[in-house]
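1. sequence first, predicted coordinates after that:
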Amino acid sequence: MISAIIAALHITAFSIFDWQPQEVRFSCYLPTGNKTCTGATPFEGGCAVNQEHLGQVAMLFDSEYRFIGYFEVNDVGGHHLLREGKAVDVFRNTMEGAREFIRENGDHGYVVWINAEG
C-alpha cells in the first residue's frame, strides 16, 4: 500500500533523505600490480573516480535505483569521464568478476557521495 502511494506521488528514497544522486557510467578495472594513488593495494569494494571524491564513499544504484553497494574511493582514473566525475571505475579481482558486475548492474546508474571513512 505504501509503495503504491509513493509511486503515485513520484517520490524516491533520494527525495525523502534529500540526497543528490548523480547519473554516472560504470566500468571496472582489474589488478595490474600497481598500488592505488593512496598507496594501498586495490581491493574489491574500492573504486576510482577523481581527486574531488578521493576518500569519500560511493553509494551506487543501478538505473532502476536498486542499491548495488558501498565502494571506497581510494584511487583516481585517467579516462576523461573519471576525471570529470561522470563515471565510477569499480575494482574487480577477475575479468569474470568485472563482466558479472556489468551484467548484473548495467553500465550506468547513480551515485550518492558520502563523506565517510572505511
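-> The structure has been received and is ready for your questions.
2. does I102 touch D62 like I think?
-> No - judged on Cβ atoms under 8 Å, I102 makes no contact with D62 at a distance of 10.7 Å. Yep, even glycine has a C-beta here, placed from its N, CA and C like the rest.
3. confirm that F61 sits in a helix.
-> No - using DSSP: H, G, I helix; E, B strand; the rest coil, the assignment for F61 is strand, not a helix.
4. ok, it - contacts?
-> By Cβ atoms under 8 Å, 6 or more residues apart in numbering, the contact set of F61 is P21, F67, I68, G109, Y110, V111, V112.
5. skipping its backbone neighbours, what lies nearest it in space?
-> Leaving aside its chain neighbours, F61 sits nearest to Y110 (4.4 Å; criterion: Cβ to Cβ, 6 or more residues apart in numbering).
6. and F26, what are its phi and psi?
-> Here the main-chain torsion angles of F26 (degrees, to the nearest 10) amount to phi -110, psi 140.
7. right, and it touches H108 too?
-> Yes - the pair F26 and H108 passes the contact test of Cβ under 8 Å, sitting 6.2 Å apart.
8. relative to K35, how far out is the residue nearest to F61?
-> According to Cβ to Cβ, to the nearest Å, Y110 and K35 sit 29 Å apart.
9. so which of those two has more stuff around it?
-> Neighbour count, other Cβ atoms under 10 Å: between Y110 and K35, Y110 has more, with 21 against 12.
10. relative to the helix or strand that contains the more buried one, what are the paired strands and their orientations?
-> Y110 belongs to strand 108-114 when assigned by DSSP states H and E. Strand 108-114 pairs in its sheet with strand 22-29 (antiparallel), strand 57-62 (antiparallel), by DSSP bridges.
11. brilliant, that's me finished.
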